[in-house]
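Q: Predicted coordinates and the sequence they were generated for:
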2 protein chains.
Amino acid sequence: MKVTEINGWQSVKAEVMRRIVERIWLPGDLVPNEVDLAEEFGVARATVNRAMRDLADAGLLERRRKAGTRVALNPTRKATLEIPITRLEVEQRGAIWRHAILEREETVAPVVVASRLGLPVDTPMLHVRSLHYANSHPFLYEDRWVNISAVKGICDVSFQSIDANEWLVQNATFTRGDISFSAANTTAQEAELLEASVGAAIFVIDRTTWNGDIPVTVVRLAYAPGYRMHTDL
Amino acid sequence: MKVTEINGWQSVKAEVMRRIVERIWLPGDLVPNEVDLAEEFGVARATVNRAMRDLADAGLLERRRKAGTRVALNPTRKATLEIPITRLEVEQRGAIWRHAILEREETVAPVVVASRLGLPVDTPMLHVRSLHYANSHPFLYEDRWVNISAVKGICDVSFQSIDANEWLVQNATFTRGDISFSAANTTAQEAELLEASVGAAIFVIDRTTWNGDIPVTVVRLAYAPGYRMHTDL
DNA sequence: TATTGTATTATGTCTGCACATAATATTTTG
DNA sequence: CAAAATATTATGTGCAGACATAATACAATA
C-alpha cells in the first residue's frame, strides 16, 4: 500500500526527503542510483535526476559521478537570504521611507578603499554618505564609494529622490561581488546619526562588487540597533 | 562572427547573463521566449529552459507563465550562505577546536522558549549551554533547548566529546526551520565567557527547527567579537 | 612495487516530442 | 456594457533514448 502516489519530480523529492527525515537513509549512507530509483518510483530517470539535483542544491544530498549519491552528513548548511532594497524593506514594514544625503563628494580613493578594491590610491571616486529613515526614525546609515570610471553617468545623478543602491542596481550591473555580515559597536558619529547610544551593537553589511575585473562599489551598511535579518531554512 | 560557441545550458546561461550585464536587455525588459531563444542558439528548448530556470533561481530573471520572462528589476537579492558546523569552521581556520559543557539540565521549558516553540510551559526539555574554543580562545557561546520527546535518545548523550549541534544534525533531522541574524551587546555573563569587554558587539544567530509540526530545538549562538559571516554573490 | 593504462559505472546533460498549467486575450452571451 | 466562456500563449514538466564526463576499480606494464 503506497501512502503517496508518485508522479512528478516534486513527489520524488518529497519521498526522498521522507526517507532522510525518517532515518530510513542515514547521514553518510549511499542511496540507490538513479536508474533503480526511477524503476522503483515508476518514473523516468530524468525525473529522478531533477529531484535529486534539487535536494543536492539544498544541501541534503551529496552527489559525485561514479561514486554515487549519499545523504549529506550535515543537512543544515545552506540558507538563502534575500537582500532587499532598503526602500522596499522599509515599506514592507508599513513605514514611510525617506532618504537624506549627508555628503556627496568626488574625490580620490583613500587607502582603505583603494586596497580593498585593488585600485591605485589616486583613482577618482564618488563618495556618498546617506541616511535611510523609516517613519522619520533612522533605519540605516550607508557609506558608499563608487568607482566613477566604472559607472557611466553616475556624476549626473543627484541621489536626492532615489537611493544610491537602487540607482546602481538598475544602472550598474555587476558580474560578481562579495558580502559579509558582522556586528559592531557604534562610534560616536554613528550613534548620533542612528539616534542610538554610543557603543550600541549594530548589524553591519559590507558589500563589494566588480564588473569583470573592474571594481564598481564598496559599501558599508550600518543598521539601527534591533535590526534582524531573517530567513527560512 | 560568434565570440563564444553555444552548446550546453551553461553557455546559454552565460550568454543571457552577458546580455543582462552589458545592458542589451535592461531591467524590467521582456526577453524572447524559450522557443525563439532555442532556435537562435541552436539548442533544444529544454536546454534554454534549464539555463533560464537557473538564472531565475539566482534572482536575475523573473518568469511567469504566459506573461513571459523579464530581467529582474533588482538583480541583487539572493545570497546563499553556508552555515557550517562550528568544529569544521574552527578547523578550517587552522585552529584547534575544543568544546566545553557549561550546563546540562533536564527541566521544563521556560515561558520564552515555550512560546517561541508553541509548546506548553511544562514540556520536558534538555537545556545545554556550552562554549566552543578555537586554540583555547572562546569562539562561540551556545545556549540550546531541545524538545526531549522529539529527539529519541538524546538523554543518553553526554555531549562531552561531540558538539550538540553536530550530534543533532546527524541524529535529529528536521523538515523546516528558521534562522535569524542580529547584533547584540554582550551581557556581563557573556562577556566573561567570551573573554570580551562588557557591552562588546557580538554577532548572534537564533535558530529554531521543527520536524513537521513538532518543535525540535531552539538555539542561540553568540559569536566572540570580530566574527564575520561571509559569502560571494 | 609503483605507475600507467583501460574498463566500468553513476551522474551530467542534450534532444525531440508531448501534454499540463497558469495567465492573458478574445469572443460570446445575458 | 459587463460578465462569463473560450482560445491563445509561454512556461512547467514529463518521457525515452543517447552520448559525455568524472571517478573509481582493476589490469597491465616497467
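A: That came through fine. Numbers count the residues shown, from 1 in each chain, chains lettered A, B, ... in the order given.

Q: all contacts plus neighbour counts: C-alpha atoms, from now on.
A: Fine.

Q: and whichever helix or strand A:Trp167 is part of, anywhere near chain B?
A: In this structure, A:Trp167 is located in helix A:164-171 according to DSSP states H and E. Yes: on the criterion Cα under 8 Å from any Cα of the partner chain, helix A:164-171 is in touch with chain B at A:Val169, A:Gln170.

Q: tell me the mean pLDDT over the following helix or strand past that helix?
A: Following helix A:164-171 in sequence order, the next helix or strand is strand A:176-185 (DSSP H and E). Across strand A:176-185, pLDDT averages out at 93.

Q: from the chain's centre, how far out does strand A:176-185 sit?
A: How far strand A:176-185 lies from its chain's middle: 10 Å, per Cα atoms, centre = their mean, to the nearest Å.

Q: follow-up on the earlier one: outside of the helix holding A:Trp167, which residues touch it?
A: Counting contacts by Cα atoms under 8 Å, 6 or more residues apart in numbering or on different chains, the residues outside helix A:164-171 that touch it are A:Ile85, A:Val151, B:Pro27, B:Leu73, B:Asn74, B:Pro75, B:Thr76.

Q: For the nearest residue to A:Thr69 once chain neighbours are set aside, grab the count of nearby residues.
A: Counting by Cα to Cα, 6 or more residues apart in numbering or on different chains, A:Thr69 lies nearest to A:Arg63, which is 4.3 Å off, once chain neighbours are set aside. Neighbours of A:Arg63 under the rule other Cα atoms under 10 Å in any protein chain shown: 19.

Q: Of the contacts of helix A:164-171, grab the buried ones for PyMOL.
A: Per 16 or more other Cα atoms under 10 Å in any protein chain shown, the buried members of the contacts of helix A:164-171 correspond to this PyMOL selection:
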select buried, (chain A and resi 151) or (chain B and resi 27+73+74+75+76)
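
Q: Show me what counts as buried in the helix or strand harbouring the residue nearest to A:Thr69.
A: According to DSSP H and E, A:Arg63 maps onto strand A:61-64. For strand A:61-64, burial by neighbour count (16+ other Cα under 10 Å) applies to A:Leu61, A:Glu62, A:Arg63.

Q: ok, these vs B:Arg50, which is closest?
A: Nearest to B:Arg50 among the buried residues of strand A:61-64, counting by Cα to Cα, is A:Arg63 at 19.1 Å.

Q: And that closest one, how close does it get to A:Ser136?
A: Between A:Arg63 and A:Ser136 the computed distance is 51 Å (Cα to Cα, to the nearest Å).

Q: do A:Ala56 as well
A: 45 Å.

Q: Looking at those two, which is more packed in?
A: Neighbours per residue, other Cα under 10 Å: of A:Ala56 and A:Ser136, the larger number sits with A:Ala56, 18 against 12.

Q: So the more buried one versus A:Val71, what's the distance?
A: Distance of A:Ala56 to A:Val71, computed by Cα to Cα: 9 Å.

Q: ok now the helix or strand of chain A with the lowest mean pLDDT, how far from the chain's centre?
A: Here the helix or strand of chain A ranked lowest by mean pLDDT, DSSP states H and E is helix A:164-171, holding a mean of 74. Relative to the centre of its chain, helix A:164-171 is centred 16 Å away, using Cα atoms, centre = their mean.

Q: Same check on stretch A:106-121?
A: 24 Å.

Q: Stretch A:111-131 too?
A: Counting by Cα atoms, centre = their mean, stretch A:111-131 comes out at 22 Å from the chain centroid.

Q: How about the residues of chain A by DNA strand D?
A: Contacts of chain A with DNA strand D, taken as Cα under 7 Å from any atom of the strand, map to A:7-10, A:42-47, A:50, A:64-67.

Q: Can you flag which of those belong to strands?
A: Under the assignment DSSP state E, these contribute A:Arg64 to strands.

Q: Tell me where chain A has strands.
A: Assignment of strands within chain A using DSSP E yields the ranges A:30-31, A:61-64, A:68-71, A:78-82, A:97-108, A:124-134, A:137-147, A:176-185, A:201-211, A:214-223, A:228-232.

Q: Sheet partners, orientation included, of the longest one?
A: Strand pairing for strand A:97-108, determined by DSSP bridges: strand A:124-134 (antiparallel).

Q: low-scoring pLDDT stretches of chain A, where are they?
A: Residue ranges of chain A with pLDDT under 70: A:1-4, A:76-77.

Q: mind listing what the closest residue to A:Arg207 other than its chain neighbours touches?
A: Once flanking residues are discounted, A:Arg207 sits nearest to A:Ile179: 4.4 Å by Cα to Cα, 6+ apart. Applying Cα under 8 Å, 6+ apart, one finds that A:Ile179 lies in contact with A:Ile205, A:Asp206, A:Arg207, A:Thr208, B:His230, B:Thr231, B:Asp232, B:Leu233.

Q: Need those residues in TSV (columns: neighbour count).
A: Output for these, formatted as TSV (neighbours: other Cα atoms under 10 Å in any protein chain shown):
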residue	neighbour count
A:Ile205	19
A:Asp206	17
A:Arg207	20
A:Thr208	21
B:His230	17
B:Thr231	15
B:Asp232	14
B:Leu233	19
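
Q: still on that earlier bit, nearest to DNA strand C among the strands of chain A would be which one?
A: Smallest distance to DNA strand C across the strands of chain A (Cα to the nearest atom of the strand): 3.5 Å, for strand A:68-71.

Q: and A:Ile154, how many neighbours?
A: Neighbour tally, A:Ile154, other Cα under 10 Å: 19.

Q: contacting residues around the residue lying closest to it once chain neighbours are set aside?
A: Leaving aside its sequence neighbours, A:Ile154 sits nearest to A:Ile148 (Cα to Cα, 6+ apart; 6.9 Å). Taking Cα under 8 Å, 6+ apart, we find A:Ile148 in contact with A:Pro124, A:Met125, A:Leu126, A:Ile154, A:Cys155.

Q: separation between the closest residue to A:Pro110 other than its chain neighbours and DNA strand D?
A: Nearest non-adjacent residue to A:Pro110, counting by Cα to Cα, 6+ apart: A:Val121, 6.2 Å away. For A:Val121, the distance to DNA strand D (Cα to the nearest atom of the strand, to the nearest Å) stands at 41 Å.

Q: starting at the chain centroid, how far to stretch A:165-176?
A: On Cα atoms, centre = their mean, the centre of stretch A:165-176 falls 14 Å from that of its chain.

Q: Quick check: buried residues in that stretch?
A: A:Asn165, A:Glu166, A:Leu168, A:Val169, A:Gln170, A:Asn171, A:Ala172, A:Thr173, A:Phe174, A:Thr175.

Q: The residue lying closest to A:Thr208 once chain neighbours are set aside - how many residues pack around it?
A: Once flanking residues are discounted, A:Thr208 sits nearest to A:Val218: 4.4 Å by Cα to Cα, 6+ apart. Neighbour count for A:Val218, taken as other Cα under 10 Å: 23.

Q: now A:Asp143
A: With other Cα under 10 Å as criterion, A:Asp143 counts 18.

Q: That one contacts A:Val113, doesn't it?
A: No: taking contacts as Cα atoms under 8 Å, A:Asp143 lies outside contact range of A:Val113: 11.4 Å.

Q: any common contacting residues for these two?
A: By Cα under 8 Å, 6+ apart, no residue touches both A:Asp143 and A:Val113.

Q: Looking at the contacts of helix A:164-171, which is nearest DNA strand C?
A: Using Cα to the nearest atom of the strand, the shortest approach to DNA strand C within the contacts of helix A:164-171 belongs to B:Leu73, at 16.6 Å.

Q: This completes my enquiry, with thanks.
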